[in-house]
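[1] Quick one: sequence plus predicted model below, questions after.
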2 protein chains.
Amino acid sequence: MPTIGDVARHAGVSRSTVSYALSGKRTISRETRDRIEVAIAELGFTPNAGARALATSQTMVIGLFVQFFEDEFSPAMLQYVLPISDAAREAGYDILMVTEADGAHAVRRIASSGMVDGVIFLNVAYEDKRLPVMRKMPQPGAMVGLPRVPDDFDVFDLDFAASGRILVDHLAERGHREIILITPREHVFERGGGYAWRFRDAALQRAATYGIRVRSYFGETQQPAVNQQLNRILDAREESAMIVHNDAVIAALPSVLYSRGVRVPDDLSVVGAFSEDFGKLFSLPYTAVETSPNKLGRLAVQALVRRMTDPLGAGAPRVELVAPHVTDRASTR
Amino acid sequence: MPTIGDVARHAGVSRSTVSYALSGKRTISRETRDRIEVAIAELGFTPNAGARALATSQTMVIGLFVQFFEDEFSPAMLQYVLPISDAAREAGYDILMVTEADGAHAVRRIASSGMVDGVIFLNVAYEDKRLPVMRKMPQPGAMVGLPRVPDDFDVFDLDFAASGRILVDHLAERGHREIILITPREHVFERGGGYAWRFRDAALQRAATYGIRVRSYFGETQQPAVNQQLNRILDAREESAMIVHNDAVIAALPSVLYSRGVRVPDDLSVVGAFSEDFGKLFSLPYTAVETSPNKLGRLAVQALVRRMTDPLGAGAPRVELVAPHVTDRASTR
DNA sequence: CTGAAAGCGCTTACAG
DNA sequence: CTGAAAGCGCTTACAG
């Protein structure tokens, strides 16, 4: 591969002049610039990224730390990854995607070796092991998911508490007095998936203010357990409505209801929390809180880019809980 | 961040000695090694990746070029990404994931700037624009998907022709004489998604040898078109069996069949082509050719790593079409 | 067993 | 408007 020295020789100028022509950081005469451009084109020159990174202390790479849990439903994650990748590219960054099981270890390896200018953590837990490690690193970080101690980082998440309340409100307004609530798996609560209890606790509390009775179940995540559990729950059902905060369960719901001959909303009102894309993927005809993975991912990138390019001007790190928005698909009565 | 010079000073040795202690490329006395280890631990030193890359011409990063098409079903892609990421890490590599729409342009940018030691392309088309660009680059590449001209690259794909045949055989053996075949969208054929016609053409040809009549449809990819089309097809159905080579259609099939009261296999035999994980995700109770994204991804990584670490010993690039394997889920009669 | 020095390919003050 | 030189943080022949 040709180097900047090859280009300089070819164009009959110094290496620094080529560099400045590339960066535009000082004015170059018309003829010199032309000669350099010709040389670059003829040699097919591209600056070496490693050398540039070494000289500038900037890699133009963002580390994206993905965390896959067995107790979660995998397609949900991709919805964050793609928009983040696209938004990063628009801002001139590439994505180093890290899926290592030991997230904390990976963070240390990647960040302290200077492979990235900043990091984004997906699926941040209440007590996330990656955060204390990252705090010691010089790069900034943006989180998707609300940790117990967010300080130092820009944090973005859906307002799950408000989401739980708004769905209870939706059912309460329509006269429902008894509701089934299906939450994430119990293990998600135990390992500190904050979204799980923020949603559930707020929903239960709100229901209490209406005097609504809620029967709450920890939903399954793997087939065939999902269908079996759903059938058991429906066998014992006395409620007129159902709130599903569990991706695997809501994805399986249409076929289970079909097979039982339960009609929505005539026999049962159903609401959930999932993104529009997720709903399309599984053809879900249910009114739901839009979880906005697209928006959250892009917000994280924007905040991170701001902080990487202008550390001082970016101000104090902030926590932004995106307000829920209900997409009415007429699945309640 | 501390540098190797800081470590050397702290340990009272030269920088080269620290480097050799790190790499193990020459013997270091017991005491020296201990002092260096202490210094590294106390300072929290990690070698700078950019500097190392510059000195060694090795980044220990693999470029993963993902291509999302609107006419394909997105969750399928993630099934390749994860195993590839895991396999790469096991071999000591990180993954730079590139989702840029203009794949050819991205390849040039990433490869010629030396950001990666090698590349993997997913979802390779028959005439893939990324390949001619990559051929001019010094790094090796591995493909998932069979291009028209594979030379220079290691290529891995499911043997889609054999897959089409084996499913026809499966139905023929059970006495079916009239079959519905649902293929990928027409646009997939037009833009050169080779897997589409390799499967279809082989299936049609095999069916002809049995004297089986096949009615072939280009399947839809987006709801609600998928369900509408399926209902139309089933309204006009005279066939006793169905081969589905279309992710969106097979995912939607259970609920459509439920809603129509069509029982599998009593009323209709169904076979498909999808991975075990995909089947679980959508609870698909259908006999199918396992598409083995896991295996294909890992094969690509292994071949690439071999070629990156031992360019000469790796031998000539090879094309490996993985033989199909049918997972019987008792959906045929 | 260890060190001094050159070199990887860039960028950017310093000088003119 | 342009160039010579130092420096980024490593690795690795060369020397002893």
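    Okay, I see it.
[2] From chain B, how far out is the closest residue to A:Gln67 other than its chain neighbours?
    Once flanking residues are discounted, A:Gln67 sits nearest to A:Asn123: 4.6 Å by CB to CB, 6 or more residues apart in numbering or on different chains. Heads up, the C-betas are built off the backbone N, CA and C, glycines and all. Applying CB to the nearest CB, to the nearest Å, the value for A:Asn123 to chain B is 14 Å.
[3] A:Asn123: neighbour count?
    Close neighbours of A:Asn123, defined as other CB atoms under 10 Å in any protein chain shown, add up to 20.
[4] Endpoints of stretch A:17-29, how far apart?
    Stretch A:17-29 has its terminal residues 10 Å apart, counting by CA to CA, to the nearest Å.
[5] In it, which residues are buried?
    Neighbour counts using 16 or more other CB atoms under 10 Å in any protein chain shown place A:Thr17, A:Val18, A:Ser19, A:Tyr20, A:Ala21, A:Leu22, A:Ile28 of stretch A:17-29 among the buried residues.
[6] Indicate whether the helix or strand where the second one lies makes contact with chain B.
    A:Val18 belongs to helix A:15-23 when assigned by DSSP states H and E. No - in this structure, helix A:15-23 remains apart from chain B according to CB under 8 Å from any CB of the partner chain; the gap is never smaller than 12.2 Å.
[7] Could you pull up the mean pLDDT of the helix or strand that that helix is followed by?
    Later in the chain than helix A:15-23, the nearest helix or strand by DSSP H and E is helix A:30-43. For helix A:30-43, the mean pLDDT works out to 92.
[8] mind checking pLDDT for A:Met115?
    pLDDT at A:Met115 comes out at 97.
[9] correct me, but it touches A:Met60?
    No - if you go by CB atoms under 8 Å, A:Met115 and A:Met60 don't touch, sitting 11.2 Å apart.
[10] B:Ala241 versus whatever residue of the stretch 201-333 of chain A ends up closest to DNA strand C, what's the distance?
    Ranked by CB to the nearest atom of the strand, the top residue of the stretch 201-333 of chain A for proximity to DNA strand C is A:Thr309, at 13.0 Å. With distances taken as CB to CB, to the nearest Å, A:Thr309 is found 59 Å from B:Ala241.
[11] the more surrounded of the two?
    Using other CB under 10 Å, the more surrounded residue of A:Thr309 and B:Ala241 is B:Ala241, with 27 against 14.
[12] so that one bridges to which residues?
    According to DSSP bridges, the partner residues bridging B:Ala241 are B:Ile179, B:Ser269.
[13] residue contacts, it?
    Each residue near B:Ala241 by CB atoms under 8 Å, 6 or more residues apart in numbering or on different chains is listed here: B:Leu171, B:Arg174, B:His176, B:Glu178, B:Ile179, B:Ile180, B:Leu268, B:Ser269, B:Val270, B:Val271, B:Thr332.
[14] Helix, strand or coil: sort out A:Pro317 for me.
    Under DSSP: H, G, I helix; E, B strand; the rest coil, the three-state class of A:Pro317 is coil.
[15] swap in A:Ala101?
    coil.
[16] That one and DNA strand D, how far apart?
    The spacing between A:Ala101 and DNA strand D, counted by CB to the nearest atom of the strand, to the nearest Å, is 26 Å.
[17] cool, and A:His10?
    In terms of CB to the nearest atom of the strand, A:His10 sits 12 Å off from DNA strand D.
[18] Not counting the strand or helix carrying that residue itself, show me its contacts.
    Element membership for A:His10, per DSSP H and E: helix A:4-11. Helix A:4-11 has contacts (CB under 8 Å, 6+ apart) with A:14-15, A:17-19, A:32, A:35-36, A:38-40, A:42-43, A:45, A:47.
[19] what about 6 Å?
    A:Ser14, A:Arg15, A:Val18, A:Arg35, A:Ile36, A:Ala39, A:Ile40, A:Leu43, A:Phe45 (CB atoms under 6 Å, 6 or more residues apart in numbering or on different chains).
[20] what's the offset of the helix holding A:Val18 from the middle of its chain?
    Relative to its chain's centre, helix A:15-23 lies at 39 Å (CA atoms, centre = their mean, to the nearest Å).
[21] Check stretch A:296-312 too.
    With CA atoms, centre = their mean, you get 14 Å for stretch A:296-312.
[22] again with stretch A:227-238
    Its chain's average C-alpha position is 32 Å from that of stretch A:227-238, according to CA atoms, centre = their mean.
[23] Can stretch A:105-115 be said to contact chain B?
    Yes - using CB under 6 Å from any CB of the partner chain, a contact is recorded between stretch A:105-115 and chain B, made by A:Ser112, A:Ser113, A:Gly114, A:Met115.
[24] For the contacts of helix A:4-11, work out which two are farthest apart.
    A:Ser14 and A:Leu43 (16.3 Å; CB to CB).
[25] Could you check which of those two is surrounded by more residues?
    A:Leu43 (16 against 13).
[26] need the contact list for the more buried one.
    By CB under 6 Å, 6+ apart, A:Leu43 lies in contact with A:Pro2, A:Asp6, A:Val7.
[27] quick one: buried residues of stretch A:64-76?
    Buried residues in stretch A:64-76, counted by 16+ other CB under 10 Å: A:Leu64, A:Phe65, A:Val66, A:Gln67, A:Phe69, A:Asp71, A:Glu72, A:Phe73, A:Ser74, A:Pro75, A:Ala76.
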